[in-house]
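Q: I need the structure of the sequence given here:
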Amino acid sequence: VDTSLLAMQQAVINFINSMKVGDYAAIVKFNNTNPNKASVVQQFLQIDSAGGPNRAALIAAVNADYPGRESNIFDGVVVSVDAFNSPLVTLPPGPRAIILVTDGAENNSSAEINTAVQAAVDANISIFTVGVGDFTSTTSQRILNTLPSETGGDFYPTTDSATISNAYVQISQLLNN
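A: I've put the predicted structure just below:
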C-alpha cells in the first residue's frame, strides 16, 4: 500500500473529525483509468457527533478503494462543483470550498484548467490545494497555485503527514471564520 496515500487518507479523516457538528462534507475521487473517471463517492452529509453515522460514512468513503491511475484533476474539480450546484440535501448558507489533495500531476482531464476555474468562480467556491508527493514540476506548481489564486483559496505545500494535517487545520480555521 502506498504510504503517501495512507497519510493523505489519514489527513482527510483528521479534517472530517475536526469539522463542527452541522457542517457538510462530500467526498470526490478521481483518476483517469477508473471506469467512473471522477465521481462523488459520498454525497454531502451533515457532520454529526464523533462516532456518528454520517462521520463514519464519510470516513468509509475516504478509505474506500478507487482503483486506477493517471490524474484528471480538472475533471475532479468540475465534478466537485457540480456536487455543490446540485446537492441531494439543502446546504446552509456560508463559505463553500473544495479541498483538493493532489501532487498536481494533470495528464488526462477532458476539462481544461480555465473550465475548472470558471466553474468554481461561477458557483462562488474557493479551491484550496494541498500538495502531496512530488509536486515540484513547473506544471504541478502552476496547477496547485492557479486553482486557489483564481478562486480565493490557498495552496498548502506539504512534505509529510504532519504538514498535511496542519494544512487541514489551517483550512478548517479559515472556513470556520
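Q: what's the span of stretch 111-128 from first residue to last?
A: 19 Å (CA to CA, to the nearest Å).
Q: could you measure residue 164 against residue 140, distance?
A: The spacing between residue 164 and residue 140, counted by CB to CB, to the nearest Å, is 16 Å. C-beta coordinates here come from the backbone N, C-alpha and C atoms, glycine included.
Q: Tell me where the model's unsure across this protein.
A: Within the chain, the stretches with pLDDT under 70 are 1-4, 177.
Q: again, only using 80
A: 1-5, 7-8, 11, 133, 159-162, 164-165, 176-177 (pLDDT under 80).
Q: can you give me the helices in it?
A: 3-18, 53-63, 73-85, 113-122, 138-151, 161-176 (DSSP state H).
Q: Turn these into a markdown table, columns for distance to residue 128.
A: Listed next are these as a markdown table, based on distance: least, CB to CB, whole Å:
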| stretch | distance to residue 128 |
| --- | --- |
| helix 3-18 | 11 |
| helix 53-63 | 17 |
| helix 73-85 | 12 |
| helix 113-122 | 11 |
| helix 138-151 | 6 |
| helix 161-176 | 5 |
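Q: for the ones you listed, which one sits closest to residue 43?
A: With CB to CB as the criterion, residue 43 lies closest to helix 73-85 of the helices of the chain, at 7.2 Å.
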